[in-house]
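S.K.: I would like the atomic coordinates for the input below:
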Amino acid sequence: MASLHVLEHPLIQHKLSLMRNKNTGSKEFRELLEEIAMLMAYEVTRDFPLKEIEVETPICVMKTKVLAGRKVGVVPILRAGLGMVDGILNLIPAARVGHVGLYRDPETLEPVEYYCKLPNDVQERELIVIDPMLATGGSASAAITFLKQRGCSHIKLVCLIAAPEGVARVRKAHPDVDIFVAAMDECLNDHGYIVPGLGDAGDRLFGTK
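M.R.: Residues are numbered from 1 along each chain as shown. The predicted structure follows:
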């Protein structure tokens with residue numbers, strides 16, 4: 001079974017605390033989310049394989065290492081996932097970006113895909129699916145299912161904050177997918193919000209509430 005990774009780096013925890021504060025405005029919230037996404041990407045890519053090449057420095061020829069293996073794809077779940085894209089691209093500028101949009105059917109309560117645009121070679125890429133909040137796990141689990149249906153098999157899920165319920169749902173549906181979070185919070189409330197959480201990430205990110 002894949003692993004759950006809680007990234008407790010001091011810089012990540014410090015910036016996350018600032019994001020949780022209800023008085024933090026949209027501009028600072030966006031900047032902090034981008035910064036944390038970049039810091040998390042550093043940890044998420046720790047196991048990427050390397051290969052040896054030869055380069056010539058101003059002094060001599062030497063053997064050194066570069067990334068090998070699969071190319072990277074970043075897949076934000078709309079809309080809040082968009083806030084994490086630039087932070088990861090700052091670290092991995094060659095990554096291609098796909099987008100998955102979901103809404104919840106009011107009768108079945110199941111996620112329905114309304115938009116999906118992915119790189120042509122998505123099946124060959126190491127995919128990093130991003131969404132700030134892993135609450136019920138419904139959207140993340142569905143997004144990963146849609147990717148697998150399109151032939152993707154190397155997928156990691158990266159979220160800012162998770163509830164135990166969301167982690168359990170994703171792990172049950174996709175036991176092969178590693179999950180990376182900055183914090184594991186207590187639970188979900190009656191409205192499906194993570195407690196203590198930080199509110200609605202999309203609304204705070206885009207100033208829509």
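
S.K.: what's the neighbour count on the nearest residue to Glu186 once chain neighbours are set aside?
M.R.: Of all residues not flanking Glu186 in the chain, Val195 sits nearest, at 5.2 Å (CB to CB, 6 or more residues apart in numbering). Bear in mind the C-beta positions are built from the backbone N, C-alpha and C, glycine included. Close neighbours of Val195, defined as other CB atoms under 10 Å, add up to 10.

S.K.: can you check Asp47 too?
M.R.: For Asp47, the count of nearby residues is 9 (other CB under 10 Å).

S.K.: same question, Val66
M.R.: 9.

S.K.: that older thread, could you report the distance from the residue nearest to Glu186 to Arg79?
M.R.: 22 Å (CB to CB, to the nearest Å).

S.K.: May I ask you to name the longest helix in the protein?
M.R.: Identified as the longest helix of the chain according to DSSP state H is helix 26-44.

S.K.: Now that one: average pLDDT?
M.R.: Across helix 26-44, pLDDT averages out at 96.

S.K.: List the contacts of the helix or strand following that helix.
M.R.: Tracing the chain past helix 26-44, the next element assigned as helix or strand by DSSP states H and E is strand 50-56. With contact meaning CB atoms under 8 Å, 6 or more residues apart in numbering, strand 50-56 is reached by 61-69.

S.K.: between these, which has the most around it?
M.R.: Result: Leu67 is most packed of the contacts of strand 50-56 (other CB under 10 Å), 14 neighbours.

S.K.: Go through stretch 122-138 and flag the buried ones.
M.R.: The neighbour-count check on stretch 122-138 (16 or more other CB atoms under 10 Å) flags 122-123, 125-138 as buried.

S.K.: What mean pLDDT does stretch 79-97 get?
M.R.: 94.

S.K.: Contacts for stretch 194-201 next, please.
M.R.: With contact meaning CB under 8 Å, 6+ apart, stretch 194-201 is reached by 19-20, 22, 33, 80, 83, 132-133, 135, 160-163, 185-189, 193, 204, 209.

S.K.: Show me those that map onto helices.
M.R.: Among the contacts of stretch 194-201, the residues falling in helices (DSSP H) are 19-20, 33, 204.

S.K.: need the residues you listed in JSON lines with distance to Glu56, can you?
M.R.: JSON lines is the format used below for the ones in helices among the contacts of stretch 194-201 (distance: CB to CB, whole Å):
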{"residue": "Met19", "distance to Glu56": "45"}
{"residue": "Arg20", "distance to Glu56": "49"}
{"residue": "Leu33", "distance to Glu56": "40"}
{"residue": "Arg204", "distance to Glu56": "49"}
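
S.K.: Could you identify the most distant pair in these?
M.R.: Arg20 and Leu33 (11.8 Å; CB to CB).

S.K.: partners of the residue nearest the centre of the chain in the sheet?
M.R.: Central residue of the chain (CA atoms, centre = their mean): Ile130, 2.3 Å from the mean position. Ile130 forms beta bridges with Pro76, Val158, as assigned by DSSP bridges.

S.K.: Let me know the pLDDT of it.
M.R.: With respect to pLDDT, Ile130 has a value of 98.
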